[in-house]
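**Student:** Predicted model and sequence below, questions to follow.
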Amino acid sequence: MQQSNTIKQLALVLSVDTNHSPSTPKTIVLLASYIEVFFLFLFMEIESVRCECCGLMEDCTQAYISEVKSNFDNKWLCGLCSEAVREEVSRRKMNTIDEAVRAHMSFCGKFKDNPAVLVAEGMRQMLRRRSGDLTSSASKKVGRSNSTKLY
């Protein structure tokens, strides 16, 4: 999208109005900057990559993809998943990045089929963290039949 806009803007600059001299310094600088941007987009290798945790697709440069993979055991993680992994390590729940990546991938793997469940589980965990109840487990979950009593 940006590349086509740049090409259109470059074409506008090249079709300078006949009332203005195309050799004015402002026009030359503008033309040079558009040409520079055009070639940056032309030679920038952008590819789609899928997060290995949640499955989100992003368009990134090869350099950025390589940088992210080098930080996470040669796995591509989207921004949200990479922050979740870093948070786990910073809270000292996990000893290494590799351990945190595997744990987060396991967590995301449970909910890939149904994104609504992923959002609900994420909200549940966030609320547990805010309330200070980090020890809640699946065994403490209250089922519907236990939560509604008829008197």
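**Tutor:** Everything's here; your move. Keep in mind that this is a model prediction, so the values were computed, not measured.
**Student:** all contacts plus neighbour counts: C-alpha atoms, from now on.
**Tutor:** OK.
**Student:** Which secondary structure elements does the longest helix anywhere in the chain sit against?
**Tutor:** With secondary structure taken from DSSP state H, the chain has its longest helix at helix 25-43. Secondary-structure packing of helix 25-43 (3 or more Cα pairs under 8 Å, 6 or more residues apart in numbering; DSSP states H and E): helix 2-14.
**Student:** pLDDT-wise, which helix or strand of the chain ranks last?
**Tutor:** Lowest mean confidence among the helices and strands of the chain (mean pLDDT, DSSP states H and E): helix 144-147, at a mean of 46.
**Student:** thinking again about what came up before, tell me which strands the next helix or strand after the longest helix of the chain pairs with, and in which orientation.
**Tutor:** The helix or strand immediately downstream of helix 25-43 is strand 46-50, counting by DSSP states H and E. When pairing is defined by DSSP bridges, strand 46-50 lines up against strand 57-61 (antiparallel).
**Student:** Can you name the element that comes right after the strand it pairs with?
**Tutor:** As assigned by DSSP H and E, the chain's next helix or strand after strand 57-61 is helix 62-71.
**Student:** now the angle between strand 46-50 and that following helix, please.
**Tutor:** 30 degrees (axes from the mean of the first three to the mean of the last three Cα atoms, to 10 degrees).
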